[in-house]
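Student: Next comes the sequence, and after it the predicted model I'd like to discuss.
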Amino acid sequence: MKCTIVPMTAAHLEQVAEIERACFADPWSVKMLADHLDSPGGCGLAALGESGEVLGYGGALTVLDEGYITNVAVRPEARRRGVASALLAGLDQLAAERKLAFLTLEVRESNDAARALYTACGYREAGRRRGYYEHPREDAIIMTKEF
């Protein structure tokens, strides 16, 4: 699926919140997303379809030379078409621009598709956070990509 990766702006937030509601048991609100973008080190990328709609997004926080991916989500109807891979490549580019030593994230232990994607994109399992997720309660696998 053809998409263009752009910096996420306030204009994207309503659609990003819609994606949050479709993808997560505890979705971020528009206000939470806006606060994230406005926070020091907060950044986001939006994957736009050919007609300008938001197909997916990725958020991150950077602190010094460390990068923490907060969320990566794609509209259910746009999955398995390269959107998430394009977002991760965009986050890699952001990491290079900011001279980050690594990017890290948490993923549900049961989310085999996401774990396979992150592995294919160069992330490796680096640990576990027991009981990290709620609704349902589940461990998180920490995955990290070093630069």
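Tutor: That came through, no problem. Numbers count the residues shown, from 1 in each chain.
Student: Select the longest helix from this protein.
Tutor: Across the chain, the helix with the greatest residue count (assigned by DSSP state H) is helix 83-97.
Student: Check which helices and strands it sits against.
Tutor: Counting contacts by 3 or more CB pairs under 8 Å, 6 or more residues apart in numbering; DSSP states H and E, helix 83-97 packs against strand 4-7, strand 42-48, strand 54-63, strand 66-74, strand 102-108, helix 112-120. Quick note: C-beta positions are derived from backbone N, CA and C, even for glycine.
Student: Now with 7 Å, please.
Tutor: The contact analysis (3 or more CB pairs under 7 Å, 6 or more residues apart in numbering; DSSP states H and E) places helix 83-97 against strand 4-7, strand 42-48, strand 54-63, strand 66-74.
Student: Between those, which one is closest to A22.
Tutor: Closest approach to A22 among the helices and strands packed on helix 83-97 is made by strand 66-74 (8.0 Å; CB to CB).
Student: give the contact list for the residue nearest to Y68 when sequence neighbours are not counted.
Tutor: Nearest non-adjacent residue to Y68, counting by CB to CB, 6 or more residues apart in numbering: L61, 4.7 Å away. By CB atoms under 7 Å, 6 or more residues apart in numbering, the residues touching L61 are 41-42, 68, 70.
Student: What residues are bridge-paired with L61?
Tutor: Beta-bridge pairing for L61 (DSSP bridges): G42, Y68.
Student: and the gap between it and L105?
Tutor: Applying CB to CB, to the nearest Å, the value for L61 to L105 is 11 Å.
Student: same thing with R81?
Tutor: Taking CB to CB as the measure, R81 falls 21 Å from L105.
Student: Between those two, point out the one with more neighbours.
Tutor: L105 (24 against 15; other CB atoms under 10 Å).
Student: on that earlier part again, switch the helices and strands packed on helix 83-97 over to CSV; also include distance to D26 and mean pLDDT.
Tutor: Below are the helices and strands packed on helix 83-97 laid out as CSV (distance: least, CB to CB, whole Å; pLDDT from 0 to 100):
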stretch, distance to D26, mean pLDDT
strand 4-7, 25, 98
strand 42-48, 18, 97
strand 54-63, 15, 97
strand 66-74, 11, 97
